[in-house]
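Asker: Just the structure for this:
(chains A and B)
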Amino acid sequence: MLYSRYFIPTIKETPSDAEVISHQLMLRAGMIRKLASGIYNYLPLGLRSIRKFESIVREEMNKADAIEMLMPSVQPAELWQESGRWAFYGKELLRFKDRKDAEFCMGPTHEEVITDMVRREIKSYRQMPLNFYQIQTKFRDEIRPRFGLMRGREFIMKDAYSFDVDSSAADLSYEKMFNAYMRIFERCGLNFRAVEADTGSIGGSSSHEFMVLADSGEDAIVSCDACRYAANVEKAESSLFTAVCGTVAEPLQKVSTPEMKTIAEVAAFLNVTADKTIKTLVYASDAGDLVMALLRGDHELNELKLKNYLGWDEIQMASEEQILACTGSPVGFLGPIGLKQDVPVIADRVIQGMTNVVLGANEKDQHYINANRGRDFEVSGFVDIRAVEAGDACPRCQSGKLEMWRGIEVGHVFKLGTKYSKALNATYLDANGREQVIFMGCYGIGIGRTVAAAIEQNHDENGIIFPVPIAPFHCSVVAVNTKDAGVMAAAEEIYFCLEKLGVEVLFDDRDERPGVKFKDNDLIGIPLRIVVGSKGLAEGKVELKIRSTGEVLPLLLDDVATTVKQLIDAALAHKL
RNA sequence: CGGUGAGUAGCGCAGCCUGGUAGCGCACCUGCCUUGGGAGCAGGGGGUCGCUGGUUCGAUUCCAGUCUCACCGACCA
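Answerer: Predicted structure coming up:
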């Protein structure tokens, strides 16, 4: 490809509305341009990287026996009403009507469509297992799109759906996809973790997220430094069960704690450590139901764990009025003793062993000391509702410690069970001629997001440093002075040789000063660069610069093409 | 939807407080010069100041409304 005939509109200055590095660099490198909030044009260079990643995904999906197809992005409302998600999905689902007033939506995901196809076509256990995938544009009307391709409203996604005769066969399909995902992200040279995850609005029994580690990631994850356990903090189990307080029950006593509202203030005032106190939180559902949550004073609540335990759709901290009605006390002095309303009291498991604790007296400026469960208050259940912290013991192996990371969710695999097949009545006849419900799994990869995540993880002050497998070009050839006929002839020669060898090469033949070309080539992140200048040429030499290390190798004119070819092949093979 | 901030040339911004018909850097066009890290000189083109209404002799500037965008919270590939 000739640079002068191609289209790479680079930008020298950082656009002011781009917050994260991948967004800034994709704009500056001329890979994407914004059309509307969360909606982007993929310019030629950006599309090349995306296509590269797509073909890696295709290869691995095909290898894992998934079959490619393509579904429409416009979907009829009836299917969504049938699955129950038309009402449940909310405003994120972009809905509209056609000229006949029939309702449609832009597909945010395709469980309904694929299940509808399968229920029409699959009749027998003999036809399974089956796994269909597509690479297609999705639309989710996100409330707050941000970070460029990282969270767009319109985005390219690979989604796959598996269909099996029973749960254990579905587990096998899940495992195949899981392994394919591992290979996909390994091939891209990404530093990532597969973590246990919450299933969210897709539903199902269990799931794993694939997280590219990056400080700008929107998710927090933990992983064990000794075993393979890793989880989204939303999901991560707390390993703490043990109590830390004394065992002889002292008499309950109310003490004055003027203006002492936070755990830290109360603990300091009463001269105890925070782990001898109990933190009381009140949460409300959108229906107005209340629940009281108890945690050890130095612990934090994981709202999602509480929400999942309660089975609520929404959870939020109760309002001051709700709290006053329930406890008779302002925030800061809450506790489970002497409640005005009968609300369930959910205690973290750690509470079970605590004795002689400090907690709020449900009265302004008053706390209890030496409170004991059973004698002074009761709880309706002990549940793991605590947010894990870095340094916690691993809940699996117990010998390891949990490390905490930020991550970008690039892939997510779900065991759906029969959630959609039941709702849409997707059944088959088993060997005994009995009707059975199909077991499903679904598997997503954010295509654009993965490319963005790769940039997030591979860049320096000069721009992008693409991993070879998803680089838009493998190599660039820079002619230092285009007016020098010798330089141009040599550069052209190298360009043709590389093309002949199947190397994807960008020939920077522009009549620009060398500095401009170097800056642009660095910015767009081409892994290898050959510089052809008159000085080196006089000795029959050119330079090969490696973008990732900055290493510069002087090479003889005759050796360049084969050396580059070898380096590229090695880089691609290394990831397989 | 709630909270914050911003809309002035393709991009990044100033001007607005104190109203008088718009400016800087980069980019773009022409010419000269230059060719190993975003050069230099000279000349030039481009803006209904987001939109609507109000106040005023006069509004980019003041007021009201509205739209869009970004950032902070719940969703998610």
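
Asker: what residues does the stretch 451-576 of chain A put near RNA strand B?
Answerer: Proximity of the stretch 451-576 of chain A to RNA strand B is confined to A:462, A:480-483, A:511-516, A:518-520, A:522-523, A:531-536, A:542-543, A:545, A:552 under the rule CB under 7 Å from any atom of the strand. Glycine gets a C-beta too; all of them are placed from N, C-alpha and C.

Asker: Check the stretch 51-200 of chain A too.
Answerer: So far as CB under 7 Å from any atom of the strand goes, the stretch 51-200 of chain A lies against RNA strand B at A:92, A:109, A:140, A:142-147, A:149-153, A:155, A:157, A:198, A:200.

Asker: let's see 6 Å
Answerer: A:92, A:140, A:142-147, A:151-152, A:155, A:157, A:200 (CB under 6 Å from any atom of the strand).

Asker: are any of the residues of the stretch 451-576 of chain A next to RNA strand B buried, and which?
Answerer: Buried residues within those, counting neighbours by 16 or more other CB atoms under 10 Å: A:480-482, A:512, A:518-520, A:522-523, A:531-533, A:536, A:542-543, A:545.

Asker: Could I get the CA-only coordinates of stretch A:432-452 as PDB?
Answerer: Taking Å, rounded to 0.1, in the frame of the first residue of the first chain, the C-alpha atoms of stretch A:432-452 are listed here in PDB:
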ATOM      1  CA  ASN A 432     -37.000 -42.200  23.700                       C
ATOM      2  CA  GLY A 433     -39.100 -39.900  21.600                       C
ATOM      3  CA  ARG A 434     -39.800 -37.600  24.600                       C
ATOM      4  CA  GLU A 435     -39.900 -33.900  24.200                       C
ATOM      5  CA  GLN A 436     -37.000 -32.200  26.000                       C
ATOM      6  CA  VAL A 437     -35.900 -28.500  26.400                       C
ATOM      7  CA  ILE A 438     -32.700 -27.600  24.700                       C
ATOM      8  CA  PHE A 439     -29.700 -26.400  26.900                       C
ATOM      9  CA  MET A 440     -28.000 -23.200  25.700                       C
ATOM     10  CA  GLY A 441     -24.900 -21.200  26.200                       C
ATOM     11  CA  CYS A 442     -23.900 -17.800  24.800                       C
ATOM     12  CA  TYR A 443     -20.500 -16.300  24.200                       C
ATOM     13  CA  GLY A 444     -19.600 -12.800  23.300                       C
ATOM     14  CA  ILE A 445     -16.500 -10.900  22.300                       C
ATOM     15  CA  GLY A 446     -16.300  -7.100  21.800                       C
ATOM     16  CA  ILE A 447     -14.400  -6.800  18.600                       C
ATOM     17  CA  GLY A 448     -13.700  -3.100  18.600                       C
ATOM     18  CA  ARG A 449     -13.300  -3.100  22.400                       C
ATOM     19  CA  THR A 450     -10.600  -5.700  22.200                       C
ATOM     20  CA  VAL A 451      -8.600  -3.600  19.600                       C
ATOM     21  CA  ALA A 452      -9.000  -0.600  21.900                       C
END
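
Asker: Lowest mean pLDDT among the helices and strands of chain A, which one is it?
Answerer: strand A:316-317 (a mean of 82; mean pLDDT, DSSP states H and E).

Asker: avg pLDDT for stretch A:403-414?
Answerer: Averaging pLDDT along stretch A:403-414 yields 94.

Asker: Same question for it: list its buried residues.
Answerer: Result for stretch A:403-414 [16+ other CB under 10 Å]: buried residues A:405, A:407-414.

Asker: from those, which are also near RNA strand B?
Answerer: A:409-412.

Asker: which of the residues you listed lies closest to RNA strand B?
Answerer: A:His412 (3.5 Å; CB to the nearest atom of the strand).

Asker: Would you report the backbone torsion angles of that closest one?
Answerer: Phi and psi for A:His412, reported as degrees, to the nearest 10, are phi -150, psi 130.

Asker: quick one on the thing from earlier: so can I have CSV of the buried residues of stretch A:403-414 showing secondary structure?
Answerer: Formatted as CSV, the buried residues of stretch A:403-414 follow (DSSP: H, G, I helix; E, B strand; the rest coil):
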residue, secondary structure
A:Trp405, strand
A:Gly407, strand
A:Ile408, strand
A:Glu409, strand
A:Val410, strand
A:Gly411, strand
A:His412, strand
A:Val413, strand
A:Phe414, strand
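
Asker: Among the buried ones among the residues of the stretch 451-576 of chain A next to RNA strand B, which ones are in helices?
Answerer: Secondary structure from DSSP state H places A:518-520, A:522-523, A:536 of these in helices.

Asker: Now do the contacts for A:Trp80.
Answerer: A:86, A:89, A:93, A:105, A:112 (CB atoms under 8 Å, 6 or more residues apart in numbering).

Asker: Narrow these to those in helices?
Answerer: Those of the contacts of A:Trp80 lying in helices (DSSP H): A:86, A:112.

Asker: where along the stretch 201-350 of chain A do the helices fall?
Answerer: A:263-269, A:303-310, A:320-327 (DSSP state H, counting those that start in this stretch).

Asker: Give me whichever of those helices is most buried.
Answerer: Between the helices of the stretch 201-350 of chain A, helix A:303-310 has the highest mean count of neighbours, a mean of 18, where neighbours are mean count of other CB atoms under 10 Å.

Asker: picking up where we left off before, tell me which two of the ones in helices among the buried ones among the residues of the stretch 451-576 of chain A next to RNA strand B sit farthest apart.
Answerer: The span of those, defined through CB to CB, is set by A:Leu523 and A:Gly536 at 23.5 Å.

Asker: So what's the gap between the least confident helix or strand of chain A and the chain middle?
Answerer: Counting by CA atoms, centre = their mean, to the nearest Å, strand A:316-317 is centred 25 Å from the centre of its parent chain.

Asker: check whether that strand contacts RNA strand B.
Answerer: No: Strand A:316-317 is not in contact with RNA strand B by CB under 6 Å from any atom of the strand; minimum separation 7.9 Å.

Asker: Contacts for that strand next, please.
Answerer: A:281-284, A:286.

Asker: again with stretch A:214-230
Answerer: Against stretch A:214-230 from outside (CB under 8 Å, 6+ apart): A:20-22, A:147, A:150-151, A:193-196, A:209, A:211, A:231-234, A:236, A:388, A:390, A:392, A:394-397, A:399-409, A:453, A:456-457.

Asker: of these, buried ones?
Answerer: A:20-22, A:147, A:150-151, A:193-196, A:209, A:211, A:231-234, A:236, A:388, A:392, A:394-396, A:400, A:402, A:405, A:407-409, A:453, A:456-457.

Asker: Strands - which of the residues you listed land there?
Answerer: A:193-196, A:209, A:211, A:231-232, A:402, A:405, A:407-409 (DSSP state E).

Asker: of those, closest to RNA strand B?
Answerer: A:Glu409 (4.4 Å).

Asker: distance of the closest one from A:Phe192?
Answerer: Noted for A:Glu409: a distance of 10 Å to A:Phe192, by CB to CB, to the nearest Å.
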